[in-house]
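>>> model the structure of this input:
(one chain, ligands or ions: 2)
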Amino acid sequence: MASLVRTAFRKDLFLGKVAIVTGGGTGIGRAITKELAELGCRVVIASRKRETLESAAAEINHTLSKDVGGAALPPLRVFPFQCNIRSEEQVEALMKYAVEKHGRIDYLVNNGGGQFMSPVSEISAKGWHAVIDTNLTGTFYCLKHAYHAWMKDHGGSIVNIIVDMVKGFPGMAHTGAARAGVENLTKSMALEWSPSKIRINCIAPGVIYSETAAANYPDPETFNRSLHIIPARRLGCPEEVSGAVCFLLSPAAAYITGCTIPVDGGQGIYRSPWVIQDHEGFPVELHSEVALPPKGEATEPGPSEFLFKALAELYKSKL
Ligand SMILES: CCCCCCC/C=C/C(=O)SCCNC(=O)CCNC(=O)[C@H](O)C(C)(C)COP(=O)(O)OP(=O)(O)OC[C@H]1O[C@@H](n2cnc3c(N)ncnc32)[C@H](O)[C@@H]1OP(=O)(O)O
Ligand SMILES: NC(=O)C1=CN([C@@H]2O[C@H](COP(=O)(O)OP(=O)(O)OC[C@H]3O[C@@H](n4cnc5c(N)ncnc54)[C@H](OP(=O)(O)O)[C@@H]3O)[C@@H](O)[C@H]2O)C=CC1
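Numbering: from 1, shown residues only. Ligands and ions are numbered 1, 2, ... in the order given. Take a look at the predicted model:
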């Protein structure tokens, strides 16, 4: 007798579907692209570096399963498209390309983005705008143009990759602000676009290791220095983010919209990485009936501010 169990988790889950993954050639985006394509999806990967996209598409296409359950799959399922998400014109062209060449846009994964470490007092206006334009405005352009090009009339599912910024994001405040903006935008879109049958959610990764991600930080040990704030006591892998993205895109998540799923080994509910430099304490400005006991010494290992000053010096010395 045939099984009566119906599950979304099957090898041809995304067969016949088309996805756009920004930043799909490296790190987390590459893992998402591989998993979607392995499950039958055609995936347009979009970012600034054409060679990175082309080699990623070729490598992934080469490794994909050729058939599922004996039925042949299209051999080429990953397609590169050069696009800087900071340009509305280029984003519009990306959506047009996806619809004209691939016929539809079922899924959009806003993964492309990034930032640099700096205390907020040292972020230049140009650096601030670069991060906001990339992570917040770039996401807005992708959402808006995927909507107009396809999803408004046909529905779809969207995942925005943000960061773990529940406790603020000292040391990378520009990206914390941008991603908090994306999270709120997600809630607004979930409501405004529900009549179009569009679902939209966020994934908030913790510290996810890949060579390309780590290359943006001062030294190879930067990510490992976060281990003490991660209850899982290891870094995350890109594939662990990808699984959650595929779930949110899939019919298994058909009743989920406007939410954020952390993929962070418990980091979000644990301690902040930021260390407060010891100081004499805020002045007591109200008359109080109690006298506070004398302040002991703070026991935290050392002020993060020093680390960021050193990083700023390092960055300047490389210019
Ligand atoms: C402590 C644990 C660490 C774990 C962290 C875990 C959380 C998050 C992890 C990740 O997100 S990993 C992924 C990282 N990947 C990226 O960041 C890739 C993409 N990033 C970028 O492309 C850049 O960071 C960017 C700033 C978003 C864009 O750079 P781009 O060069 O295209 O911008 P420009 O328009 O040229 O302007 C750059 C402007 O920005 C300032 N700036 C850039 N880098 C630094 C830096 N390292 N330090 C200080 N300031 C920086 C600067 O003002 C630049 O202008 P100019 O000085 O060049 O005129
Ligand atoms: N790794 C981690 O620990 C965490 C990562 N994240 C976020 O996850 C996402 C993926 O990061 P990850 O894979 O780790 O790191 P990567 O550095 O490997 O990926 C960043 C990707 O974004 C693309 N990108 C950057 N700027 C633009 C732009 N202006 N237009 C189009 N594409 C752009 C890059 O491609 P190209 O250079 O070709 O443009 C690259 O593929 C990012 O948004 C990141 O901030 C969030 C939390 C933690």
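
>>> in the protein, spot the helix with the most residues.
In the chain, with assignment by DSSP state H, the single longest helix is helix 173-192.

>>> the helix or strand that that helix is followed by close to ligand 2?
Going down the chain from helix 173-192, the next helix or strand is strand 198-205, by DSSP states H and E. Yes - using CB under 6 Å from any ligand atom, strand 198-205 reaches ligand 2 at residue 205. All C-beta atoms are positioned from the backbone trio N, CA, C, and that covers glycine.

>>> what packs against strand 198-205?
With contacts taken as 3 or more CB pairs under 8 Å, 6 or more residues apart in numbering; DSSP states H and E, strand 198-205 sits against strand 156-161, helix 173-192, helix 238-249, strand 260-263.

>>> and after it, which helix or strand comes next?
Of the helices and strands lying after strand 198-205 in sequence (DSSP H and E), the nearest is helix 211-214.

>>> by contact count, what packs against that following helix?
On a contact count with 3+ CB pairs under 8 Å, 6+ apart, helix 211-214 meets helix 27-38.

>>> what's the helix it packs on in contact with?
Helix 27-38 is contacted by residues 14, 19, 21-25, 43, 45, 47, 56, 60-61, 63-65, 77-78, 107, 109, 111-112, 161, 205, 208, 210-213, 237-239, 241-243, 245-246, 249 when judged by CB atoms under 8 Å, 6 or more residues apart in numbering.

>>> again with stretch 52-63
24-26, 30, 33-34, 37, 45-47, 75-82.

>>> in the stretch 1-150 of the chain, what residue comes closest to ligand 2?
The minimum distance from the stretch 1-150 of the chain to ligand 2, using CB to the nearest ligand atom, falls at residue 27 (2.3 Å).

>>> which residues does the residue nearest to that residue when sequence neighbours are not counted contact?
Leaving out its chain neighbours, the residue that sits closest to residue 27 by CB to CB, 6 or more residues apart in numbering is residue 210, at 3.7 Å. The contact partners of residue 210, taken as CB under 8 Å, 6+ apart, are 26, 27, 28, 30, 238.

>>> now, among those residues, which is nearest to ligand 1?
Distances from ligand 1 to those, taken as CB to the nearest ligand atom, are shortest for residue 27 (6.7 Å).

>>> residue contacts, the closest residue to ligand 1 within the chain?
Closest residue of the chain to ligand 1, CB to the nearest ligand atom: residue 114 (2.0 Å). Residue 114 is in contact with 131, 134, 135, 175, 216, counting by CB under 8 Å, 6+ apart.

>>> confidence score at it?
At residue 114, the model reports a pLDDT of 97.

>>> does it lie in a helix or a strand, and which?
Of the helices and strands defined by DSSP H and E, none includes residue 114.

>>> against ligand 1, which of the contacts of helix 27-38 make the cut? List them.
Taking CB under 6 Å from any ligand atom as the test, ligand 1 is in contact with residue 213 out of the contacts of helix 27-38.

>>> going through the contacts of helix 27-38, which ones are buried?
Buried subset of these (neighbour count, 16 or more other CB atoms under 10 Å): 14, 19, 21-25, 43, 45, 47, 56, 60, 64, 77-78, 107, 109, 111-112, 161, 205, 208, 210, 212-213, 238, 241-242, 245-246, 249.

>>> number of nearby residues for the residue of the stretch 1-150 of the chain closest to ligand 2?
Counted with other CB atoms under 10 Å, the neighbours of residue 27 add up to 22.

>>> just residue 153 next, same as before
For residue 153, the count of nearby residues is 10 (other CB under 10 Å).

>>> secondary structure of it: a helix, I assume?
Yes - counting by DSSP: H, G, I helix; E, B strand; the rest coil, residue 153 is part of a helix.

>>> that one touches residue 198, doesn't it?
No - assessed by CB atoms under 8 Å, residue 153 is found out of contact with residue 198, at 10.6 Å.

>>> picking that back up, give me whichever of the helices and strands packed on strand 198-205 is most buried.
strand 156-161 (a mean of 26; mean count of other CB atoms under 10 Å).

>>> so is stretch 96-110 next to ligand 2?
No - judged by CB under 6 Å from any ligand atom, stretch 96-110 makes no contact with ligand 2; its nearest approach is 8.1 Å.
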